[in-house]
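Engineer: Quick one: sequence plus predicted model below, questions after.
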Amino acid sequence: MCTRILWNNNEVAVVASRTMDWPNPTEPKLTAFPRGSRHEGGVAAGKKVVAGNALNWESAHGTVVVTFYGIGAVDGINERGLAAHLLYLGETDFGRRNPEMPGLVAGLWVQYALDRAANVSEALALLAEVQVVMMEARGTKATVHLALEDAGGDSAIIEHLDGKMVVHHGPQYRIMTNDPAYDEQLRLLDKLDFSHPSGDMPLPGNVNARDRFQRASYFSALLPVPQDEREAAAGVLAIARNVSVPFGAPYSDFGIYDTEYRTVCDLTNRCYYFELTTAPNVIWAELDKLHFEPGTPVMTLDPDDIGLAGEVSSAFQASRAPY
């Protein structure tokens with residue numbers, strides 16, 4: 001499931017888009033957490049997953065995330081211009097539990113990074129000191145890897161393979177999909193010659209993760225220079241639409257499902273865009289218009305509303321924290 005595209009080498013804005021592909025609705029809600037929010041990193045869906053030495057924390061930054069099933073976050077941005085995205089990776093192996101390290105359930109990986117870090121380097125330092133712990137969501141294991149990017153254009157891909165954390169850190173790591181592991185995706189991409197793009201160039205065109213990785217890499221390198229942040233956001237969203245999985249595509253392999261929604265993070269201007277594939281409208285929230293002061297309530301917005309369009313920060317409603 002899923003594709004992430006980062007555009008960090010234009011002169012206007014650092015922007016990133018992702019698709020969310022899954023076999024059934026994940027009940028996405030846009031949720032704004034204020035500074036000072038407290039989270040229990042060993043609990044998922046009200047059940048204790050980490051028996052001992054669970055990571056508990058208080059947020060240092062306000063965040064806007066997309067929740068799944070109300071038990072964790074798969075995507076989001078914080079007020080400092082750091083974004084994080086969880087994508088499926090079947091090869092994921094978090095390893096045996098090490099009780100000496102604070103344990104963090106996989107569904108709160110995004111939330112912890114956004115709550116506590118201001119940029120990619122800070123996030124990597126924090127995440128090196130915790131152990132991500134496997135959990136299940138509606139009967140499916142959270143075999144996921146994590147993408148991070150910040151307003152300075154830095155990027156990182158974090159995978160857990162054979163029980164060890166593997167990090168690809170640098171602004172050159174712009175595209176991410178699913179299996180195989182990232183090193184192999186890069187090796188497969190190196191075999192292709194995209195040096196002379198044309199309308200007749202044969203491109204990988206299926207919906208599997210390898211083809212999406214290569215197609216997104218090809219088109220992202222051809223994006224025209226944006227004139228403003230609107231064009232920058234539209235550029236990555238166009239590629240996300242190109243690599244989305246349409247309804248009715250052949251889903252013979254686990255992990256290939258239709259696209260439920262697409263997001264765009266404008267890290268320079270702290271704006272979060274959301275597009276539900278079952279609705280014709282795009283919505284966005286400017287983080288500067290939301291209230292993140294400690295003590296303010298958690299705010300949520302259900303994007304499955306045909307009446308929503310454009311900037312929707314005023315439509316968020318005070319709500320009970322989902323986790």
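Structural biologist: In hand now; what should we look at?

Engineer: For Ser59, list the residues it contacts.
Structural biologist: Phe33, Pro34, Arg35, Gly36, Ser37, Arg38, His39, Asp115, Arg116 (Cβ atoms under 8 Å, 6 or more residues apart in numbering). (C-beta placed from N, C-alpha, C; glycine too.)

Engineer: ok, now Asn119?
Structural biologist: Contacts of Asn119 by Cβ under 8 Å, 6+ apart are Arg80, Gly81, Leu82, Asp150, Ala151, Gly152, Asp154.

Engineer: likewise Leu192?
Structural biologist: Neighbours of Leu192 in contact, by Cβ under 8 Å, 6+ apart: Gln214.

Engineer: what helices or strands is the lengthiest helix in the chain leaning on?
Structural biologist: Using DSSP state H, we find that the single longest helix of the chain is helix 229-242. In terms of contacts (3 or more Cβ pairs under 8 Å, 6 or more residues apart in numbering; DSSP states H and E), helix 229-242 is packed against strand 3-7, strand 15-21, helix 209-220, strand 259-266, strand 271-276.

Engineer: returning to what we had before: from the contacts of Asn119, list just the buried residues.
Structural biologist: Buried subset of the contacts of Asn119 (neighbour count, 16 or more other Cβ atoms under 10 Å): Arg80, Gly81, Leu82, Asp150, Ala151, Gly152, Asp154.

Engineer: now the helices and strands packed on helix 229-242 as TSV including mean pLDDT?
Structural biologist: Formatted as TSV, the helices and strands packed on helix 229-242 follow (pLDDT from 0 to 100):
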stretch	mean pLDDT
strand 3-7	98
strand 15-21	97
helix 209-220	97
strand 259-266	97
strand 271-276	98
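
Engineer: got TSV for the ones you listed, with mean neighbour count and distance to Leu203 too?
Structural biologist: Shown next, in TSV, are the helices and strands packed on helix 229-242 (neighbours: other Cβ atoms under 10 Å; distance: least, Cβ to Cβ, whole Å):
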stretch	mean neighbour count	distance to Leu203
strand 3-7	27	15
strand 15-21	28	17
helix 209-220	21	6
strand 259-266	25	19
strand 271-276	22	23
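
Engineer: Restricted to strands, list the buried ones among the contacts of Asn119.
Structural biologist: Judged by DSSP state E, the buried ones among the contacts of Asn119 include Leu82, Asp150 as members of strands.

Engineer: Tell me where the model's unsure across the stretch 151-300 of the chain.
Structural biologist: Along the stretch 151-300 of the chain, the model assigns pLDDT under 70 to residues 250-256.

Engineer: let's go with 90 and repeat that
Structural biologist: Applying pLDDT under 90 to the stretch 151-300 of the chain flags residues 206-207, 247-258.

Engineer: any idea which element the most centrally placed residue in the chain lies in?
Structural biologist: Centroid-nearest residue in the chain: His85, 1.7 Å away (criterion: Cα atoms, centre = their mean). Per DSSP states H and E, His85 falls inside strand 82-88.

Engineer: Now find how far off-centre the helix or strand that that strand is followed by is within its chain.
Structural biologist: As assigned by DSSP H and E, the chain's next helix or strand after strand 82-88 is strand 103-105. Relative to the mean C-alpha coordinate of its chain, strand 103-105 is positioned 18 Å out (Cα atoms, centre = their mean, to the nearest Å).

Engineer: Kindly report the same for stretch 127-144.
Structural biologist: Remark: stretch 127-144 is offset 15 Å from the chain centroid, using Cα atoms, centre = their mean.

Engineer: Next: stretch 224-244.
Structural biologist: The answer for stretch 224-244 is 17 Å, by Cα atoms, centre = their mean.

Engineer: The stretch 1-150 of the chain: helices as residue ranges?
Structural biologist: Along the stretch 1-150 of the chain, the stretches classed as helices by DSSP state H, counting those that start in this stretch are 109-116, 120-127.

Engineer: residues of the last one that come out buried?
Structural biologist: Meaning helix 120-127. With burial defined by 16+ other Cβ under 10 Å, the residues of helix 120-127 counted as buried are Val120, Glu122, Ala123, Leu124, Leu127.
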